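Chemist: build me a structure from this.
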Amino acid sequence: QVQLVESGGGLVQAGGSLRLSCTARGIAYAINDMGWYRQAPGKQREVVALITSGGSPEYSDSVQRRFTISRNNTKKTVALQMNSLQPGDTAVYYCNAKIVTLGYRHLELWGQGTLVTVSS
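Modeler: Reported below is the predicted structural model:
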């Protein structure tokens, strides 16, 4: 059984940087798209960045040119480098992965979430 374990996050001043990491622990037949979502207080969860197994990234308009998503398929990790952080980036960030299990079931997994707080 695969679980997503996140690290990083915390408190940073506006204009600062943080790096989030997520590791897929366990064995799967395949790990396809991975990504990061966030949920701010009182708002719905939204996509931040996605990356295919081949390494092609996509970003939401709000983080384009400030955030960078990357992955290491050998280590089964995905990372989000966040630069020029703004108070509007304050949210709980969730790692996401679409996997195929050894039994060939398609599952969508979520990490436990990590809080990012940007002070003005």
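Chemist: and the helices in the protein?
Modeler: Counting by DSSP state H, the chain has no helices to list.
Chemist: for the residue sitting nearest the centre point of it, what are its contacts?
Modeler: Nearest to the geometric centre of the chain sits Trp36, at 2.6 Å (CA atoms, centre = their mean). Contact analysis of Trp36 by CB atoms under 8 Å, 6 or more residues apart in numbering lists 20, 22, 47-50, 69, 78, 80, 93-96. Using the backbone N, CA and C atoms, a C-beta is placed for each residue, glycine as well.
Chemist: same check on Leu18?
Modeler: Leu18 neighbours (CB under 8 Å, 6+ apart): 8-10, 12, 82, 85, 116.
Chemist: repeat for Val63
Modeler: Counted by CB under 8 Å, 6+ apart, Val63 has contacts 48-49, 82, 89.
Chemist: highest neighbour count among the residues you listed?
Modeler: Met82 (26 neighbours; other CB atoms under 10 Å).
Chemist: what pLDDT does it get?
Modeler: pLDDT for Met82: 98.
Chemist: ditto for Gln1
Modeler: Gln1 is assigned a pLDDT of 84 by the prediction.
Chemist: ok, and the closest non-adjacent residue to it?
Modeler: Excluding the flanking residues, the one nearest Gln1 by CB to CB, 6 or more residues apart in numbering is Gly26, at 5.3 Å.
Chemist: the contacts of Val63 in strands, which ones?
Modeler: Mapping the contacts of Val63 onto strands (DSSP state E) picks out 48-49, 82.
Chemist: for the residues you listed, which one is nearest Tyr104?
Modeler: Ala49 (27.6 Å; CB to CB).
Chemist: against Gly88, how distant is that closest one?
Modeler: The spacing between Ala49 and Gly88, counted by CB to CB, to the nearest Å, is 16 Å.
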